[in-house]
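>>> Sequence first, then the predicted structure, then my questions.
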Amino acid sequence: MKPYSHKPLFLLTLFTCLATNMLAQEPFPAQVTIFFPYGTHGQQSIHYTFNFSLNLLYGQIRKLNGLEISGLTGYIYSDVNGAQIAGIANVADDVRGMQAAGLVNSSSGYVKGMQLTGFLNDADGVNGVQIAGFANSLVRWRRARKGVNGVQIAGFGNISDGVRGIQFAGFINAAASGVGGVQLAGFSNIGEDMKGIQLAGFGNVAFSETGGVQLAGFVNVAEDMSGIQAGGFGNRATRMNGLQISGAYNRSQTLNGLQIGIISVNDTIGRGISLSLINIVKRGFYREWEFSFSDYANITAGYKMGMQRFYTIYTVGANFVEDHLWSAGIGFGNCTRIGNRFNFRPELIAYQYFPMNFRRVQFTSAAHLKFGFVYNLSKKLGLSLAPDVYVMKMTRKPNSEYYKITPIGALYTHEKNNKRTTLGVGFSLGFSIL
């Protein structure tokens, strides 16, 4: 009979000691959990750091330096340095790396890297990329207080404190603080201090200082605007220092720039001009009725509105010296005082002519540059004399004659293929009611 050997017992003891010593060190190489706390480390896993964490359903650990894969949800109480991947949700504090989940990623701290999910990403701050099928940093969960330095992409909305990068959403982007980059939304963008570009299918809103570009299919709203507002329908700014252009309506309290639209309403125009068909200024509003006789528009009535340095002109009239025609015109002008009773008033007006019976209408249009001089009889009444030069474009129909507009002969005429261009001079006399 062989003597009893202690070698197997010694090896088992050595292995146990080594294993115990290895499990007592941090970070642990790995842990496996079926459903917390049922795993290799039980409830103690929330106190340890791991290089690899595998949660078949749901697990909790203190910290990750490496990779975690969860069938349903992974919950990390501290930092992630690596990648956290889950079928439903990932929860962690600071993330330096990536969170990827089928439904939700949540970081109560800062994300330096990427959050990728099918529904919602939630973070205190992002320096990297957030991509979500629905939303990033949704406000009903928790607003991102440290802002975004990178890219937010969501099918529905992005909400953050500040943005230094790009927000792209199918519906809405909101930044409660500064935006120093680009906001792109299918519906609306909302920002506090805007230093960049807001582009939306419907509207853009900047509550404070805006130094950049607002482009919207419908409306733009800003407080202090130093840049460009372009809206399909309208723009509104408290103080506008730049360009406002819209398909219909512009509104500002103080304009120092250029407005282009159909209707513009300003409280005050400082160092600016409003190129609008209807131009209303609450302070310093200039209005005038003018009735005149001229060789090219025999009897006319005109209305002028805006400011003296730049106003809009509307005029209608009738011709009877030559052909019997109606005329309608629109233009812009300036009124500059050159003495106690004299004003110099250059104006540019485009006229369109129609036969009085509106039959067999032929295209006839003329642009007149008028050099008017006004003598003010009183504060409310003035007499005017305005020589002018003009360019006229005319088209005649077959078996028809060109309209006869003025008895004064043209200085230059060019005719080809039933089209005539003439260059000439004219004059007008009138009186104004202010």
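The structure has been received and is ready for your questions.
>>> Got phi/psi on Arg62?
According to degrees, to the nearest 10, the main-chain angles of Arg62 amount to phi -80, psi -50.
>>> What count of nearby residues applies to it?
With neighbours defined by other C-beta atoms under 10 Å, the count for Arg62 comes to 17. No exception for glycine: its C-beta is placed from N, CA and C like everyone else's.
>>> Ok, Phe332 next?
Taking other C-beta under 10 Å as the criterion, the count of residues near Phe332 is 20.
>>> got a list of what it touches?
Listed by C-beta atoms under 8 Å, 6 or more residues apart in numbering, the contact partners of Phe332 are 275, 310-313, 347-348.
>>> Please produce a markdown table containing the residues you listed, extended by secondary structure and neighbour count.
Putting these into a markdown table (DSSP: H, G, I helix; E, B strand; the rest coil; neighbours: other C-beta atoms under 10 Å) gives the following:
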| residue | secondary structure | neighbour count |
| --- | --- | --- |
| Leu275 | strand | 16 |
| Phe310 | strand | 17 |
| Tyr311 | strand | 24 |
| Thr312 | strand | 19 |
| Ile313 | strand | 21 |
| Glu347 | strand | 22 |
| Leu348 | strand | 14 |
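>>> among those residues, which two are most distant?
Taking C-beta to C-beta as the measure, these span a maximum distance of 14.3 Å, between Leu275 and Glu347.
>>> Give me the domain ranges for this structure.
Residue ranges for each domain of the chain read 25-78, 287-433, as given by automatic domain parsing.
>>> just these: most buried one?
Among the domains of the chain, ranked by average contacts under mean count of other C-beta atoms under 10 Å, first place goes to domain 25-78 (a mean of 18).
>>> beta partners of Pro355?
Leu325 (DSSP bridges).
>>> Spit out the contact partners of it.
Taking C-beta under 8 Å, 6+ apart as the definition of contact, the neighbours of Pro355 are 323-326, 361, 403.
>>> what do you get if the cut-off is 10 Å, keeping everything else the same?
For Pro355, the contact set (C-beta atoms under 10 Å, 6 or more residues apart in numbering) comprises 323-326, 361-362, 364, 403.
>>> ok, the residues you listed vs Phe52, which is closest?
Taking C-beta to C-beta as the measure, Phe52 sits nearest to Val361 out of those, at 83.6 Å.
>>> what's the nearest residue to the closest one if we skip its chain neighbours?
Residue nearest to Val361 in three dimensions, not counting chain neighbours: Phe354, with 5.7 Å by C-beta to C-beta, 6 or more residues apart in numbering.
>>> just the helices in the stretch 151-300 of the chain please.
Remark: no helices are assigned in the stretch 151-300 of the chain by DSSP state H, counting those that start in this stretch.
>>> where does it have low pLDDT?
Low-confidence regions of the stretch 151-300 of the chain, defined by pLDDT under 70, span residues 162, 177-178.
>>> any idea which residue sits dead centre in the chain?
Averaging the C-alpha coordinates of the chain gives a centre point, and the residue nearest to it by C-alpha atoms, centre = their mean is Gln214 (2.4 Å).
>>> OK, contacts around that one?
183, 189, 191, 194, 197-200, 203-206, 220-222, 225, 227-231, 235, 237, 242, 244.
>>> again, but for Ile197
Residues near Ile197 by C-beta under 10 Å, 6+ apart: 166, 179, 181-184, 189, 204, 212-215, 227-228.
>>> Now render the residues you listed as JSON lines, adding distance to Ser70.
Listed next are these as JSON lines, based on distance: C-beta to C-beta, whole Å:
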{"residue": "Ile166", "distance to Ser70": "30"}
{"residue": "Val179", "distance to Ser70": "35"}
{"residue": "Gly181", "distance to Ser70": "33"}
{"residue": "Val182", "distance to Ser70": "34"}
{"residue": "Gln183", "distance to Ser70": "33"}
{"residue": "Leu184", "distance to Ser70": "33"}
{"residue": "Asn189", "distance to Ser70": "35"}
{"residue": "Asn204", "distance to Ser70": "40"}
{"residue": "Gly212", "distance to Ser70": "42"}
{"residue": "Val213", "distance to Ser70": "43"}
{"residue": "Gln214", "distance to Ser70": "43"}
{"residue": "Leu215", "distance to Ser70": "42"}
{"residue": "Gly227", "distance to Ser70": "47"}
{"residue": "Ile228", "distance to Ser70": "48"}
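>>> Which of those fall in strands?
With strands identified by DSSP state E, the entries of the contacts of Ile197 that belong to them are 166, 182-184, 189, 204, 213-215, 227-228.
>>> and Gly211, how many residues sit next to it?
One way to gauge burial is a neighbour count; for Gly211, by other C-beta under 10 Å, it gives 17.
>>> wouldn't it be in contact with Glu223 here?
No: because the distance of 11.5 Å does not satisfy C-beta atoms under 10 Å, Gly211 is recorded as not touching Glu223.
>>> which residues do those two both contact?
What both Gly211 and Glu223 touch, as defined by C-beta under 10 Å, 6+ apart, is the set 193-194.
>>> what about Tyr351, is that helix, strand or coil?
Look at Tyr351: counting by DSSP: H, G, I helix; E, B strand; the rest coil, its state is strand.
>>> so what's it bridging to?
So, taking DSSP bridges as the rule, Tyr351 has Gly329, Ala366 as bridge partners.
>>> Tell me the spacing between it and Lys393.
Spatial separation of Tyr351 from Lys393 under the definition C-beta to C-beta, to the nearest Å is 11 Å.
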